[in-house]
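A.B. asks: just need the structure, nothing else, for what follows:
(one chain, ligands or ions: 1)
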Amino acid sequence: MAKIIDGKEIAKKLRSAVSEQAAILKEQSVIPGLAVILVGDDPASEIYVRNKERAAKKVGVHAVTFKYPSTATEKEILDKVAELNADDTIDAILVQSPVPSQINEQKVQEAIIPSKDVDGFHPENVGRLYANQAGYYPIANTPRGIMTMLQHEKIDLLNKHAVVIGRSILVGRPMFALLQAADTSVTLLHRYTPAALRRELLATADVVVVATGVPDLVMGADLKPGAVVIDVGINRLPNNKLVGDVNFGTAEKVASAITPVPGGVGPMTIATLLQTTVELAAEHHQIELEQGWQNI
Ligand code: NAD
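C.D. replies: This next block holds a predicted model:
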């Protein structure tokens, strides 16, 4: 039976390391500031934003949410971004996805200055990640949180084969970049990958990351025995049960380690967002932080 990777517990350790870093900044009168722009009244987004605010407060990050009705114009949002870009008390800006169709999400993301782009979506930051550049730049929080988990679990990535399923800008693509930067050989699959090819590749995968939003896309029988399985998917079934993209019951019998849904990747995403916010604040104020979370 696979080891269950406890995302809640690892996220707790990460949050505590982030609090310590925030305390170091506070000694120098710096309070990291996170601005969240929320447009419309999507109930799931409201819950996410509330959770982010609550978690931020606990670690000493000042989070402010700017709420706009679903009728807000693109100009209103771009104006707000420009104001926040210039605001010295704000170190990190995020626009909660999705936004209503009259607003071009890509345009809004590109308007955020790269040094406050806490989601790592700005083309400049995406380019740095893909070029595997040295130096500090923000990286998408979900895949970064997954790398922290793999590190915490001491999963050896060198000379391994990883299969990433899903190629979104949010998860799959940055995951691909981070794994290859860790000297893993990575294969990136997506909705047009034939099922037979997916199975063939999965049978050789030491690490599997699934981020598709398709329940049961990966079954235990698809896995190489001993594989490490990271399930990013969050799907609500008609019976209201929350499941990932991997069939947990069959996969845990074959894998050596697996993340549950809920309680796996999800908690790491928010903790990593706070980690990135604190790092951006340190960068803005040119304060050196010890990388304490390397050892969580
Ligand atoms: P997305 O819809 O932007 O992208 C889905 C990707 O899956 C696409 O690249 C698509 O090509 C691929 N895909 C779809 N059907 C497929 C199939 N049958 N076979 C192979 N590939 C297929 O989604 P996203 O934003 O990347 O999110 C993916 C899932 O992860 C969702 O369930 C989302 O809720 C969840 N998610 C969780 C967290 C977290 O913190 N746990 C964060 C982000 C996303």
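
A.B. asks: quick one: stretch 244-253 near the ligand?
C.D. replies: No. Shown here: stretch 244-253 not in contact with the ligand (C-beta under 6 Å from any ligand atom), separated by at least 6.6 Å. To be clear about C-beta, it is placed using only N, CA and C from the backbone, and glycine gets the same treatment.

A.B. asks: flag every buried residue along that stretch.
C.D. replies: For stretch 244-253, a neighbour-count test (16 or more other C-beta atoms under 10 Å) marks 244-248, 250-252 as buried.

A.B. asks: among those, which are in helices?
C.D. replies: Taking DSSP state H, the ones among these that sit in helices are 248, 250-251.

A.B. asks: and Arg15, what does it touch?
C.D. replies: Contact analysis of Arg15 by C-beta atoms under 8 Å, 6 or more residues apart in numbering lists 55, 58-59, 271, 274.

A.B. asks: one more time with 6 Å, if that's ok
C.D. replies: Contact analysis of Arg15 by C-beta atoms under 6 Å, 6 or more residues apart in numbering lists 59, 271.

A.B. asks: quick one: find the helix or strand in this protein with the lowest mean pLDDT.
C.D. replies: Lowest on mean pLDDT, DSSP states H and E among the helices and strands of the chain sits helix 43-59, with a mean of 92.

A.B. asks: what helices or strands is the helix or strand just after that one leaning on?
C.D. replies: Per DSSP states H and E, the first helix or strand lying C-terminal to helix 43-59 is strand 62-68. If you count contacts as 3 or more C-beta pairs under 6 Å, 6 or more residues apart in numbering; DSSP states H and E, strand 62-68 packs onto strand 33-39, helix 43-59.

A.B. asks: is the longest one in proximity to the ligand?
C.D. replies: No. Applying C-beta under 6 Å from any ligand atom, one finds helix 43-59 separated from the ligand by no less than 9.1 Å.

A.B. asks: which neighbouring elements make contact with that helix?
C.D. replies: For helix 43-59, the packing partners by 3+ C-beta pairs under 6 Å, 6+ apart come out as helix 7-27, strand 33-39, strand 62-68, helix 265-284.

A.B. asks: how about the residues of this protein by the ligand?
C.D. replies: 142, 165-168, 170-172, 189-191, 193, 211-214, 217, 232-235, 265-266, 269.

A.B. asks: just the buried ones out of these, please.
C.D. replies: 142, 165-168, 170-172, 189, 211-212, 217, 232-235, 265-266, 269.

A.B. asks: about what we covered before: and which of the buried residues of stretch 244-253 is nearest the ligand?
C.D. replies: Lowest distance from the ligand to these (C-beta to the nearest ligand atom) belongs to Asp245, with 6.6 Å.

A.B. asks: hang on, the closest one packs against Val210?
C.D. replies: Yes. Between Asp245 and Val210 a contact is recorded at 4.2 Å, counting by C-beta atoms under 6 Å.

A.B. asks: overlap of the contact sets of the two?
C.D. replies: Common neighbours of Asp245 and Val210, counting by C-beta under 6 Å, 6+ apart, are Asp231.

A.B. asks: distance from the least confident helix or strand of the chain to the middle of the chain?
C.D. replies: The chain centre lies 15 Å from the centre of helix 43-59; the measure is C-alpha atoms, centre = their mean, to the nearest Å.

A.B. asks: how much does that helix deviate in direction from helix 265-284?
C.D. replies: Angle between the axes of helix 43-59 and helix 265-284 is 60 degrees (criterion: axes from the mean of the first three to the mean of the last three C-alpha atoms, to 10 degrees).

A.B. asks: nothing else from me, thank you.
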